[in-house]
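# 3D model of this:
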Amino acid sequence: NCCGLCNSLYHTVGGLCDSSPVAARISRANWSYGLSLAIASRIQLWKAKARKSRIRESRVAGTRNLVAGLLASDPRPKVLVSASAIGYYGDRKQSWVYEDSTPGIDFLAEVCRAWEAEAWKARPIRTAIVRIGIVLTRDGGAYPQMSRPFRLFAGGTIGQGYAWMSWIHHADVTGILLHV
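Residues are numbered from 1 along each chain as shown. Reported below is the predicted structural model:
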């Protein structure tokens, strides 16, 4: 949850928790930092075409609106930290990826490229993009949805069992965002 994570940070953080035009409201704020996180859960919204549109809109338009507001701010914040996803790299099977690896060619990779392009428009504000994997915590994130089949004794190996899943704990994400 965007607001929950923002509330757990110790600095003055400006967050955008929807994709509505809020540039005027943001420009009147006196934020030290801007924080743009994903709004629509990938797990909940992955399949239908309309849902894909909502995923793209929540990330691209939301970041566009935040950037417009931050650039109009006086004074401007010191930094914009924009979350992105490791989906930027696409499905690489068993291959390792690095920050400078080429982007993938699937839906999520395209969304990430567009999302990051909007964040980079915040320059001259110092801009940092953090590509994050699946966020897990016992009380939230993706864990409750992922564990449900196992609690119902219906979970098991998917495919041949060679799929990789890059994950990070909520506390570690918070630490990274604070560090940046």
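# Every contact and neighbour count from this point should use C-alpha atoms.
Noted.
# Which helix in this protein has the most residues?
Using DSSP state H, we find that the single longest helix of the chain is helix 49-72.
# now for it, which elements pack on it?
With contacts defined as 3 or more Cα pairs under 8 Å, 6 or more residues apart in numbering; DSSP states H and E, the packing partners of helix 49-72 are helix 23-28, strand 33-36, helix 107-120.
# In terms of mean pLDDT, which of these ranks lowest?
Within the helices and strands packed on helix 49-72, confidence is poorest for helix 23-28, with a mean of 50 (mean pLDDT).
# Report the buried residues of stretch 75-83.
76-77, 79-83 (16 or more other Cα atoms under 10 Å).
# Just the CA trace of it, in PDB.
Taking C-alpha atoms only, stretch 75-83 is exported to PDB below (Å, rounded to 0.1, in the frame of the first residue of the first chain):
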ATOM      1  CA  PRO A  75      10.700  25.000  -3.600                       C
ATOM      2  CA  ARG A  76      11.200  21.700  -5.500                       C
ATOM      3  CA  PRO A  77      11.900  18.600  -3.600                       C
ATOM      4  CA  LYS A  78      15.500  17.400  -3.300                       C
ATOM      5  CA  VAL A  79      14.800  14.000  -4.800                       C
ATOM      6  CA  LEU A  80      12.200  11.800  -6.500                       C
ATOM      7  CA  VAL A  81      12.400   8.100  -5.800                       C
ATOM      8  CA  SER A  82      10.300   6.200  -8.300                       C
ATOM      9  CA  ALA A  83       9.600   2.500  -7.900                       C
END
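# Just give me how far it sits from the chain centre.
In terms of Cα atoms, centre = their mean, to the nearest Å, the centre of stretch 75-83 is found 15 Å from the chain centre.
# same question for that stretch, mean pLDDT?
88.
# Numbering from 22 from now on, please.
Got it, the first residue is 22 from now on, which makes the last one we talked about stretch 96-104.
# Relative to residue 177, how far out is residue 96?
53 Å (Cα to Cα, to the nearest Å).
# for residue 155, same thing?
19 Å.
# Next: residue 137.
35 Å.
# before we move on, what about residue 160?
As judged by Cα to Cα, residue 160 and residue 177 stand 22 Å apart.
# How about the secondary structure of the residue at the greatest distance from the centre of the chain?
Computed with Cα atoms, centre = their mean, the residue of the chain farthest from its C-alpha average is residue 174, at 31.1 Å. Taking DSSP: H, G, I helix; E, B strand; the rest coil as the rule, one finds residue 174 in the coil state.
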